[in-house]
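> sequence and predicted structure below; questions after.
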Amino acid sequence: APAKPAAQCTLTEFVGTAIGSTIGMVIANVDPLLHEQMGIDKKYRSIGIVGARTGAGPHIFAADEAVKATNSEVVLIELARDTEGGAGHGCLILFGAQDVSDARRAVEVTLSELERTFGDVYGSPAGHLEFQYTARASFALNKAFGAPVGQAFGITVGAPAAIGVMLADTAAKAATVEAVGYASPAKGTSFSNEVIFTFSGDSGAVRQSIQAARDVGKQLLGTLDAAPLVSSTTPYI
Amino acid sequence: APAKPAAQCTLTEFVGTAIGSTIGMVIANVDPLLHEQMGIDKKYRSIGIVGARTGAGPHIFAADEAVKATNSEVVLIELARDTEGGAGHGCLILFGAQDVSDARRAVEVTLSELERTFGDVYGSPAGHLEFQYTARASFALNKAFGAPVGQAFGITVGAPAAIGVMLADTAAKAATVEAVGYASPAKGTSFSNEVIFTFSGDSGAVRQSIQAARDVGKQLLGTLDAAPLVSSTTPYI
Amino acid sequence: APAKPAAQCTLTEFVGTAIGSTIGMVIANVDPLLHEQMGIDKKYRSIGIVGARTGAGPHIFAADEAVKATNSEVVLIELARDTEGGAGHGCLILFGAQDVSDARRAVEVTLSELERTFGDVYGSPAGHLEFQYTARASFALNKAFGAPVGQAFGITVGAPAAIGVMLADTAAKAATVEAVGYASPAKGTSFSNEVIFTFSGDSGAVRQSIQAARDVGKQLLGTLDAAPLVSSTTPYI
């Protein structure tokens, strides 16, 4: 569902909201107590905070663009088991910066990218499909998925997990890609009902693998529920 | 809820759907990339895939019948934290076979058994109860629960977990059974809000324990919500 | 939502129900099989059981009062990933006692305290906020959170977790408190979409920190959903 219009919020820490029950905030001077408890390097005086109930892939790919575009680093990515009763994750992403304006900018870029990165997320009451692609992975994708920095990188996500297995096999067969990782309910996810396949390679090959998996995924998820599988925003891959 | 009629799906990999947002599929020749990522022995050229949003016990007991009836092995059982906002699990089960027809047959048997194994699943908005019984446990039950192969085996599941504790105590007292295992939110489940008690013994004793627990469970879960507790299909124990 | 009226339940083990899909029960003589499987000291012949679909903080703070008021001990606290599709936990709490009347009394006190401890729980479709405070922590809070026994102790909980980060920073800055712990989706929670900050100190300081965090939290959670954030019962802090 599209993000609801934000209520008036005059806190200086508030940055904005976005699709997926996503909120962005910033702390100019992190309290020393919190720095220690979070285990974050104290050189990051300021942190940017992006969190969501629904989605992790869209936010991590969006954060990757933020890292490229700003003077900030991704210092933490955690995946809750969430999606508001659905089969997947929610997320918590922290950016560290020495200056609050950099942290704020990282949050702003992330929020603005979400409209795009939700483009290949398809949901129904029975489950969801997610596809993401970048021509050049940066440090957020490296931290979250071990993506090789600077290379084309893609992911396929299917829920229930059984469909994700099929997406992975389809992607692996559709073009010459290299597997980066494979996560399933008991390994590498937060017990979500998903299989996540991650891969890199030639830019065209990565896209081709994703497109093949997307086509198969829609057919399979469609067998579980009659609801039409439409993009959450606008497909970009 | 009963499974919705499957949409038209002409993929050769698609086998069928069933109750519990369950889907069954088959891969004739698993891609080498995927074989490696999943950590599955390459001798299983073909895999059968069964996954669901709702339920794990019904699927594991169904898979146990499939293993008995076909030339396949259960190579992976993973329990997501799911049930579509409910208190329990979803599941991912993989069968390995050297021939695709065997993998397909294992999936077909599992899907067809689910109508029975959902027979002693009782749900309300407040939680659920599940009871399963087999006169002779095979390799799926051994893999998932450590059930002694060839013996009568039963499980009681209660959600919220507090009710599961009471089911376990009731089952333990009702007849002479041997405890096989006990899983709770923080130990042995995927943080589900369930207590699962597993036990073996004389066939009559195992059934008697289950019946006593079922009677107590319905009374307790009934205190949390006025919805009547009816079988998801038809009771079989 | 307020607890629904309990159905008639004549089982002697049943004690009562309460807000949060909470049920309380008692076992007078725990079966030896179960004692062993649960890993509970056999000197606790009787156990009191409190479990809920929604909430963990309210139940743990309520259990803390029960431990102070009765001749029982908290022998187990486990947090399921639950809240019926929401972002947080459910819980399972076991009291041990040598006499069934003590176990029953502990459960009764816990259930009766919940009306108060849900007082600073605020929920909307987008997430929730929770605040708890005690002037003197006892053994349930020590077991669950490592609270220093005998000292004032408070917690702030925000979901989605991003909001919880901001609550923690606000609480840390608002008064001179000492951090006891910090839990996030991947560390110290059951993959819930929460950040939980726990702290002790002077009684007035702990309350002041909570009040400041509560004020900030309502403004932030309000940006995600237009639903008014009202107390589940009556605020007590």
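Received it, and whenever you're ready, just let me know what you need. Numbering: from 1, shown residues only, chains lettered A, B, ... in the order given.
> for the rest of this, base every contact and every neighbour count on C-alpha atoms.
Fine.
> identify the residues contacting the host helix or strand of residue A:171?
Secondary-structure element containing residue A:171, defined by DSSP states H and E: helix A:161-174. Defining contact as Cα atoms under 8 Å, 6 or more residues apart in numbering or on different chains, one finds that helix A:161-174 is touched by A:156-158, A:179, A:184-185, A:193-197, A:208-210, A:212-214, A:216-217, A:220-221, B:23-25, B:27, B:30-31, B:33-34, B:49-52, B:91-93.
> identify the residue nearest the residue nearest the centre of chain A in space, chain neighbours excluded?
Centroid-nearest residue in chain A: residue A:57, 2.0 Å away (criterion: Cα atoms, centre = their mean). Nearest-residue entry for residue A:57: residue A:132, 7.3 Å, with adjacent residues in sequence omitted and distances by Cα to Cα, 6 or more residues apart in numbering or on different chains.
> who does that neighbour form a beta bridge with?
Under the criterion DSSP bridges, residue A:132 forms beta bridges with residue A:155.
> for chain A, just list every one of the strands.
A:14-18, A:22-27, A:46-52, A:73-81, A:89-97, A:121-124, A:127-134, A:152-159, A:177-183, A:195-201 (DSSP state E).
> elements contacting the least confident helix or strand in chain A by mean pLDDT?
When the helices and strands of chain A are scored by mean pLDDT, DSSP states H and E, helix A:32-38 comes last with a mean of 93. When contacts are defined as 3 or more Cα pairs under 8 Å, 6 or more residues apart in numbering or on different chains; DSSP states H and E, helix A:32-38 sits against helix C:161-174, strand C:177-183.
> try it again at 7 Å.
Applying 3 or more Cα pairs under 7 Å, 6 or more residues apart in numbering or on different chains; DSSP states H and E, we find helix A:32-38 packed against strand C:177-183.
> near chain A at all, the strand it packs on?
Yes. When contact is scored as Cα under 7 Å from any Cα of the partner chain, part of strand C:177-183 falls within range of chain A: C:179, C:181-182.
> ok so, going back, now the residue nearest to the centre of chain A: how far from chain B?
According to Cα to the nearest Cα, to the nearest Å, residue A:57 and chain B sit 18 Å apart.
> what of residue A:121?
18 Å.
> in chain A, where is pLDDT below threshold?
A:1-7 (pLDDT under 70).
> what residues does it put near chain B?
For chain A, the contact set with chain B under Cα under 7 Å from any Cα comprises A:85-87, A:126, A:160-162, A:169, A:172-173, A:179, A:181-182, A:185-186, A:191-193, A:219, A:222-226.
> give me the buried subset of those.
Among the residues of chain A next to chain B, those that count as buried by neighbour count (16 or more other Cα atoms under 10 Å in any protein chain shown) are A:85-87, A:126, A:160-162, A:169, A:172-173, A:179, A:181-182, A:185-186, A:191-193, A:219, A:222-225.
> can you give me the neighbour number for the residue nearest to residue A:57?
Residue A:132 is flanked by 26 other residues according to other Cα atoms under 10 Å in any protein chain shown.
> show me the contacts for it.
For residue A:132, the residues meeting the contact criterion (Cα atoms under 7 Å, 6 or more residues apart in numbering or on different chains) are A:117, A:120, A:154-156.
> 10 Å instead, please
Under the criterion of Cα atoms under 10 Å, 6 or more residues apart in numbering or on different chains, the neighbours of residue A:132 are A:57-58, A:60-61, A:116-121, A:153-157, A:198, A:206-207, A:210, A:235-237.
> ok, it to chain C distance?
In terms of Cα to the nearest Cα, residue A:132 sits 23 Å off from chain C.
> any idea how far that residue is from chain B?
For residue A:132, the distance to chain B equals 19 Å [Cα to the nearest Cα].
> quick one, what contacts the one residue in chain A that gets nearest to chain B?
Closest approach of chain A to chain B (Cα to the nearest Cα) occurs at residue A:85, with a separation of 3.9 Å. Residue A:85 makes contact with A:53-54, A:125, B:82-86, C:82-87, according to Cα under 10 Å, 6+ apart.
> how about a cut-off of 6 Å?
Under the criterion of Cα atoms under 6 Å, 6 or more residues apart in numbering or on different chains, the contact partners of residue A:85 comprise B:84-85, C:85.
> quick check: buried residues in stretch A:11-30?
When neighbours are counted by 16+ other Cα under 10 Å, the buried residues of stretch A:11-30 are found to be A:13-28, A:30.
> phi, psi of the residue in chain A positioned nearest to chain C?
Per Cα to the nearest Cα, residue A:85 is where chain A lies closest to chain C, at 4.0 Å. Note on residue A:85: backbone dihedrals following degrees, to the nearest 10 are phi 90, psi -10.
> quick one: it from residue C:196, how far?
21 Å (Cα to Cα, to the nearest Å).
> can you check residue A:135 too?
Here the distance between residue A:135 and residue C:196 works out to 37 Å (Cα to Cα).
> so these two - more neighbours on which side?
A count of neighbours by other Cα under 10 Å puts residue C:196 above the other of residue A:135 and residue C:196, at 25 against 17.
> tell me, how many residues neighbour the nearest residue in space to residue A:227 that is not next to it in sequence?
Excluding its sequence neighbours, the residue lying closest to residue A:227 (Cα to Cα, 6+ apart) is residue A:124, at 6.1 Å. Other residues within reach of residue A:124, judged by other Cα under 10 Å, total 17.
> now do the contacts for residue A:46.
Counting by Cα under 6 Å, 6+ apart, residue A:46 has contacts A:27-29, A:97-100.
> ok, so of the residues you listed, who is nearest residue C:231?
Taking Cα to Cα as the measure, residue C:231 lies nearest residue A:27 of the contacts of residue A:46, at 27.1 Å.
> does that closest one have any beta-bridge partners, and if so which?
residue A:47.
> hmm, it is touching residue A:47, no?
Yes. Proximity of residue A:27 to residue A:47 meets the contact threshold set by Cα atoms under 6 Å, at 5.4 Å.
> residue A:149 contacts residue A:137, correct?
Yes. Under the contact definition of Cα under 6 Å, residue A:149 touches residue A:137, with a separation of 5.0 Å.
> these two: which is more packed in?
For residue A:149 versus residue A:137, the count of surrounding residues by other Cα under 10 Å is larger for residue A:137: 23 against 15.
> what's near enough to touch the more buried one?
With contact taken as Cα under 6 Å, 6+ apart, residue A:137 is in contact with A:149-151.
> show me those residues that map onto helices.
In helices, judged by DSSP state H, none of the contacts of residue A:137 are found.
> and the residues you listed as CSV, adding distance to residue C:8?
Conversion of those to CSV gives the following (distance: Cα to Cα, whole Å):
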residue, distance to residue C:8
A:149, 63
A:150, 65
A:151, 64
